[in-house]
Structures are given as structure tokens and as C-alpha cells.
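A.B. asks: Give me the fold of what follows.
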Amino acid sequence: MFSKLLQRFSKDGDIIELVRKGSSFFLIRAIGLLAGYGFTLFISNTYGAEVNGFVALSFSVFIIGSLLPRFGFDINLVKTFASHRIEVAKHIYLKVVSLSAIVSISLCLLGILLKDTVADWLNIEEPKYVIYGFIALPLWTIIHLNAGALRGLKKIKQFSFLTSGGRFIFAFLGLLICYYLLGFKDPYMPIIAHTAGLGVLTIYSFFSLFRSFNGVAAASEIKTKTYLIESYPLMFSLATILLLSWTDTIFLGIYRTSEEVGIYNVTFTLAALVSFTLHALNSILAPKIALSYKEKNMAVFDKLIQMTIKINFISSMIIVVGLVLLREFILGLFGQEFTAGATLLMILCIGQFSNSFCGPVGVVFQMTGKQKVFQNLVFVAFLINLALNFILIKPLGYYGAAISSIAGMAFWNFAGAYLVWKYFKIVLVFNPLSLFKK
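C.D. replies: I've put the predicted structure just below:
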């Protein structure tokens, strides 16, 4: 089976590039994941589940808060840089990054003024966690805009470092230096180190992007108003996807204890490993899909998607089996109190596996101009998730959050796969028999 896949790789330049550049993303993301788990492991063992919960809720502040200033620009910039002259792309980038910077800094200042209100709403005992969450908001916004531009330029290593590796690499290194070398053992140190790491990453993102701009003059061809209208559905889709990921954490913070938030955050992060390969492949797949669709080369379009589905399904299955069999041992590494999430981890793995079973649903819609369809689809999934969170979290705690997350995720994946078939006559749902076809 694997030898047949390798034979296909050797005969196809697009697939070779998909695997080669996807492998680069895989390696950088793997290092970032290790740093992320090290960061979480250190917090859990040193400060306990409660502080881990506060840090997770602080993350929700800047991740969700950055949705408005990002406005879908980071996704739209992928298409812009992949399918337009760099002079044109640079012009629109400078416009949107200036706009996003103004909006994100304004939100940061407003959030700091309302820190006590936000802390009470999220059930965070110390408002300092909220303050650092809002300080991170403009940094996270700029990082994603620069990463989107680099992704469109096919600078996959830089893109993957910005979005998957650098954040926790800098945060974990900073935390270790502060704790062991400088002797700073305050429970706020994890979130301080993380925010400082984002600052370093922001500087690196500008350095990486402007090296590609060296000697390139901006040229105006795309109207800013048109770009805003085109980007809005992308922002809406991204917002609902992120809310699908974070609503359960927020509701747990409101209705349950910070310890439950900490346990849920660790298990959810572990379950996200199931979608690891899909994110790696999507990093290079997105600009290639945008280009092949623009050129009406549907043979290449279909071929790239099908190979992505096969590689992703096999690797995800291996990860699921490993997590389920070793769940108690893995959770025990974070502390004895986290082993209570063993059953929770199995449930979350089922939900994440729907991503692997259906393939790159979101990328196909976003790179083919059907972002409004995807927007509506994900919004319905969010409403399902939101309603179930209201109903289930109070009586069931993090089990209710997991069930809500699975229901929303499964809906938009399977419904999205159906709509891809309807529009493009391409089957996204994995067929095991395809592995044995010649």
C-alpha cells in the first residue's frame, strides 16, 4: 500500500512539493508542539490545574479578540500573494496591516480599561491574566497577517514557524530562563513569558516578510473597499471556527471551576494532535489549490485533494490509536489530577477524527471563492455547539463541552464534504479501498 503511494509521489511534481514542503511544516510544527506541551506540562506540574486554566482563558482573550482586526485579511492575503503580482499584493498588504494595527491597538487599550469586568465574566480571580491577554492581541493580529502573506509567497517554513512553532518555543524558553536562571517563580510568569515570546515573534514576522519585499514597489490595482467586502466572509468563517474551538473553554470558565478548564485544555490540546497532519498539508495545499482553480486545471485540483486525504487519514489513525492506548500514561505526565481526563481524551479524539475523515473542507471553500458558503456552514455548526454548551456544560462539566465540540465539528465537516461534492463533484470523505487502487 505504502509502496504504491511512494511510486505516485516519484512521478508527480505537485505531490512531491506537497509532501516535501508539508514535511517542513510537519517538522517545525512538531518542534512547536513539543514546546507547547512542555510549556503546559511545566505549568501543570509547577503551578497546578488552576493556573493552567487561568492561562488558557487568557489565551482565549487575544485569540478571539484578534478576530475583528484580522478581518479575514490573513486568509485573503494567501490568495492575493499566490495569484497576483507581488507589487499589487504588497500594496494591499500595506493597506490592511495599517488598518488592522489601528483596530487591534484600540481594542487592546479598551480591554485593559475593562479588565475587571472581563475577569469577572471569565471567572478569573486575577485580572493580570486578562491584561496580558489584551497586550497580546495586536501582536497576534500582526503575526497572522504577516504569516498569511508569507504563505501566499510559498514561504512555508516561515509561515509554519509563525503560526505553529515560534509562539511556544519562545514562551517555553523564556519561562525556563525566568524560573531557573533569574529566580522569578511568580504564578504570572507563564503568561508574561508567553506575551514576551509573541513580541519577539512579531519582530521576526516583519523581518521575514520585508526581506521578500526588498526592492519591490507597491502597485495599486485592487480597491481597498473591494478587498474588505471579499475578506469579511473569511473573517466570519474564521470567527465561527475559533469560537467552535474556544466556546467550550469559555463556558467551562463561566459555569465550572478553573481546575476543570485546566484539565479540559490539556486533553483538548492532546486530541488536536489528530489533526496535526492535515494542518501540515494544508499549509502548502492552499496556494496550490487557489492557483489550479484559477487556471481551471481541475485534474491537478482533484489530484492534490485526494492525495492529501489519503496521507492525512493514515497518519491520523495512527495518532488516534496511540493516544487512546496510552491516554492515562500521557495525562499522568501533566500531574495525577489530569488522569481524570482519560475518558474525556477518547471522546475528543473522536471529534478530531472527523477532520481527518473528511479532509481539507475549509481550504477548498476558502481558496475557490466560496467563502460565503463556508461561512454559512460553519455558522450553523457554531449555533449547534453554542446550544449544546448551554444545555450540557452545567450538568456534565467537561464531558458536556466535549460532546458539544464533537457535534459542531462533525456537522461542518460532513456537511462541507457533501457541498464540495455538489459544487465540484469531488469526494472528500475518505474511502479505504482507494489505498489499494492502482
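
A.B. asks: Without its sequence neighbours, what residue ends up closest to Ala417?
C.D. replies: Closest residue to Ala417 apart from its sequence neighbours, by Cβ to Cβ, 6 or more residues apart in numbering: Leu428 at 4.0 Å. All C-beta atoms are positioned from the backbone trio N, CA, C, and that covers glycine.

A.B. asks: For that neighbour, which three-state class applies?
C.D. replies: Classification of Leu428 by DSSP: H, G, I helix; E, B strand; the rest coil places it in coil.

A.B. asks: now Leu348
C.D. replies: Under three-state DSSP, Leu348 comes out as helix.

A.B. asks: give me the low-pLDDT residue ranges for the stretch 1-150 of the chain?
C.D. replies: Along the stretch 1-150 of the chain, the parts satisfying pLDDT under 70 run over 1-26.

A.B. asks: the strands in it, which residues?
C.D. replies: In order along the chain, the stretch 1-150 of the chain carries no strands (DSSP state E, counting those that start in this stretch).

A.B. asks: Run through the helices of the stretch 101-250 of the chain in chain order.
C.D. replies: Under the criterion DSSP state H, counting those that start in this stretch, the stretch 101-250 of the chain contains helices at 115-122, 128-152, 156-160, 166-176, 189-212, 224-255.

A.B. asks: could you redo the ones you listed as JSON lines and give each row mean neighbour count and distance to Val373?
C.D. replies: Converted to JSON lines, the helices of the stretch 101-250 of the chain look like this (neighbours: other Cβ atoms under 10 Å; distance: least, Cβ to Cβ, whole Å):
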{"stretch": "helix 115-122", "mean neighbour count": "16", "distance to Val373": "33"}
{"stretch": "helix 128-152", "mean neighbour count": "25", "distance to Val373": "21"}
{"stretch": "helix 156-160", "mean neighbour count": "24", "distance to Val373": "26"}
{"stretch": "helix 166-176", "mean neighbour count": "22", "distance to Val373": "31"}
{"stretch": "helix 189-212", "mean neighbour count": "19", "distance to Val373": "30"}
{"stretch": "helix 224-255", "mean neighbour count": "20", "distance to Val373": "9"}
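
A.B. asks: Out of those, flag the one nearest Ile31.
C.D. replies: Of all those, helix 166-176 sits nearest to Ile31, with 6.8 Å by Cβ to Cβ.

A.B. asks: and the closest one, how far from the chain's centre?
C.D. replies: Taking Cα atoms, centre = their mean, to the nearest Å, one finds the center of helix 166-176 at 18 Å from the center of the full chain.

A.B. asks: what is the rounded mean pLDDT of it?
C.D. replies: Averaging pLDDT along helix 166-176 gives 91.

A.B. asks: With stretch 346-365 instead?
C.D. replies: The model assigns stretch 346-365 a mean pLDDT of 79.

A.B. asks: chain center to that stretch, what's the gap?
C.D. replies: 13 Å.

A.B. asks: Likewise for stretch 37-57?
C.D. replies: Remark: stretch 37-57 is offset 20 Å from the chain centroid, using Cα atoms, centre = their mean.

A.B. asks: ok, and for that stretch, which residues are buried?
C.D. replies: The neighbour-count check on stretch 37-57 (16 or more other Cβ atoms under 10 Å) flags 37-44, 46-57 as buried.

A.B. asks: Could I get the full set of strands for the stretch 251-400 of the chain?
C.D. replies: Counting by DSSP E, counting those that start in this stretch, the stretch 251-400 of the chain has no strands to list.

A.B. asks: Please enumerate the helices of it.
C.D. replies: Along the stretch 251-400 of the chain, counting by DSSP H, counting those that start in this stretch, helices occupy 258-271, 276-294, 298-325, 327-332, 342-358, 361-366, 371-396, 398-424.

A.B. asks: quick check: angle from the last one to helix 371-396?
C.D. replies: Computed by axes from the mean of the first three to the mean of the last three Cα atoms, to 10 degrees, the angle separating helix 398-424 from helix 371-396 equals 160 degrees.

A.B. asks: coming back round to it: can you say which of the helices of the stretch 101-250 of the chain is nearest to Ala271?
C.D. replies: Nearest of the helices of the stretch 101-250 of the chain (Cβ to Cβ): helix 224-255, 11.2 Å.

A.B. asks: what is the mean pLDDT for that closest one?
C.D. replies: Averaging pLDDT along helix 224-255 gives 76.

A.B. asks: One more: stretch 197-216?
C.D. replies: Average pLDDT, stretch 197-216: 87.

A.B. asks: follow-up on the earlier one: just send the helices of the stretch 101-250 of the chain back as a markdown table, with distance to Asn389 too.
C.D. replies: Below are the helices of the stretch 101-250 of the chain laid out as a markdown table (distance: least, Cβ to Cβ, whole Å):
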| stretch | distance to Asn389 |
| --- | --- |
| helix 115-122 | 15 |
| helix 128-152 | 21 |
| helix 156-160 | 31 |
| helix 166-176 | 27 |
| helix 189-212 | 25 |
| helix 224-255 | 5 |
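
A.B. asks: between those helices, which gets nearest to Phe71?
C.D. replies: helix 224-255 (4.7 Å).

A.B. asks: The closest one to helix 128-152, inter-axis angle?
C.D. replies: Angle of helix 224-255 versus helix 128-152, following the same axes, to 10 degrees, is 140 degrees.

A.B. asks: how far is helix 224-255 from where the chain is centred?
C.D. replies: Centroid separation between helix 224-255 and its chain, computed with Cα atoms, centre = their mean, is 12 Å.

A.B. asks: Stretch 392-410 now?
C.D. replies: On Cα atoms, centre = their mean, the centre of stretch 392-410 falls 20 Å from the chain's centre.

A.B. asks: Tell me, how many residues neighbour Gly335?
C.D. replies: 19 (other Cβ atoms under 10 Å).

A.B. asks: do you know how far the closest residue to it other than its chain neighbours is from Gly65?
C.D. replies: Closest residue to Gly335 apart from its sequence neighbours, by Cβ to Cβ, 6+ apart: Ser44 at 5.0 Å. Applying Cβ to Cβ, to the nearest Å, the value for Ser44 to Gly65 is 25 Å.

A.B. asks: so where's the stretch 251-400 of the chain shaky on pLDDT?
C.D. replies: The stretch 251-400 of the chain contains residues with pLDDT under 70 at 280, 283-284.

A.B. asks: contacting residues for Leu242?
C.D. replies: By Cβ atoms under 8 Å, 6 or more residues apart in numbering, Leu242 lies in contact with 63-64, 67.

A.B. asks: Take the residues you listed and keep only those in helices.
C.D. replies: Secondary structure defined by DSSP state H assigns 63-64, 67 of those to helices.
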